[in-house]
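Asker: got a predicted structure here, sequence first:
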Protein chains: 2
Amino acid sequence: MGTEATVTALWRLFDQRRFEDTRPLFAPDFIAEWPQTRERITGPEDFIQLNRAYPGAWRCSLKDIVVSGDRAVTEVEITDGNCMVHATSFFTLRDGKIVKAREFFADPGDPPFDRDRWTERY
Amino acid sequence: MGTEATVTALWRLFDQRRFEDTRPLFAPDFIAEWPQTRERITGPEDFIQLNRAYPGAWRCSLKDIVVSGDRAVTEVEITDGNCMVHATSFFTLRDGKIVKAREFFADPGDPPFDRDRWTERY
């Protein structure tokens, strides 16, 4: 599979909660970084189990993807029906397998200061 | 300029707080989307002025960029020396000018549940 197909498959399987089925998409030396909490997850197995154990029945909707060779970045909306978070994931592949994911999770909220002179809400 | 040079220049000029100098990088029909607050900024002028007016003396450090044709995604660390936010920006260009930016701002924090069975802090 190419980069786009591999990354798209990961999100589709996560959305279907078929966590075990994502194993072939990862290189054995896969590492994930979550810089907001300064957490590192080492190896596909811990990443799969952590995602499976994440509290809540989350669904994942791929909104955008930018692919360049062995790199891909995705925008994904993750929701449990009540809460929603915007996930952006910077992937690196090697020989068609995901070897690195660096992910950010951005919460919805109100504007932190009065700025409607320049913005409109949608 | 190519896509990478244009986007890199934007962040360099923002970092140097040379907001007015970014004007040639934008298409006249530029739009920015900040999905977390559901805010839209229409036109380069409002985007430039909003960034200039943003409270605090923020510096921008480009950490990663993925470019594909007229698309680019950046990871940027924005800090005022005390607070830090991870910004991820999905850019679209047309004829070498930035016509769209969809941006997410992810705050640092603590892990939301006990998950150190699968993660290590760094």
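Answerer: Perfect, thanks for sending it.
Asker: how about the most centrally placed residue in chain A, what does it touch?
Answerer: Chain A has A:Ser89 as the residue nearest its centroid, 4.6 Å off, counting by C-alpha atoms, centre = their mean. Listed by C-beta atoms under 8 Å, 6 or more residues apart in numbering or on different chains, the contact set of A:Ser89 reads A:Val73, A:Thr74, A:Val76, A:Ala101, A:Arg102, A:Glu103, A:Phe104. (Glycine included, C-beta is placed from N, CA and C.)
Asker: what stretches of chain A score poorly on pLDDT?
Answerer: Within chain A, no range satisfies pLDDT under 70.
Asker: please, where are all the helices along it?
Answerer: With helices called from DSSP state H, chain A shows them at A:3-15, A:44-53.
Asker: of those, which is nearest A:Gly81?
Answerer: helix A:3-15 (13.4 Å; C-beta to C-beta).
Asker: that closest one: which residues count as buried?
Answerer: For helix A:3-15, a neighbour-count test (16 or more other C-beta atoms under 10 Å in any protein chain shown) marks A:Thr3, A:Thr6, A:Val7, A:Thr8, A:Ala9, A:Leu10, A:Trp11, A:Leu13, A:Phe14 as buried.
Asker: tell me the two of the residues you listed that are most distant?
Answerer: Taking C-beta to C-beta, no two of those sit farther apart than A:Thr3 and A:Phe14, at 17.0 Å.
Asker: ok, which stretches of chain A are strands?
Answerer: Ranges of strands in chain A, per DSSP state E, are A:26-34, A:39-42, A:59-68, A:71-79, A:84-94, A:97-106, A:120-121.
Asker: and the shortest one, what does it pack against?
Answerer: Strand A:120-121 sits against strand B:39-42, with contacts defined as 3 or more C-beta pairs under 8 Å, 6 or more residues apart in numbering or on different chains; DSSP states H and E.
Asker: for the strand it packs on, give me every contacting residue.
Answerer: Contacts to strand B:39-42, defined as C-beta under 8 Å, 6+ apart, come from residues A:111, A:115, A:118-122, B:31-34, B:47, B:50.
Asker: ok, so of those, who is nearest A:Leu93?
Answerer: Of the contacts of strand B:39-42, the one sitting nearest to A:Leu93 (C-beta to C-beta) turns out to be B:Glu33, at 27.9 Å.
Asker: what's opposite that closest one in the beta bridge?
Answerer: B:Arg40, B:Arg102 (DSSP bridges).
Asker: which of the helices of chain A sits closest to chain B?
Answerer: Closest of the helices of chain A to chain B is helix A:44-53, at 4.0 Å (criterion: C-beta to the nearest C-beta).
Asker: which elements pack onto that closest one?
Answerer: strand A:26-34.
Asker: show me what the strand it packs on is in contact with.
Answerer: Under the contact criterion C-beta under 8 Å, 6+ apart, strand A:26-34 has outside partners A:39-44, A:47, A:94-95, A:97-105, B:119.
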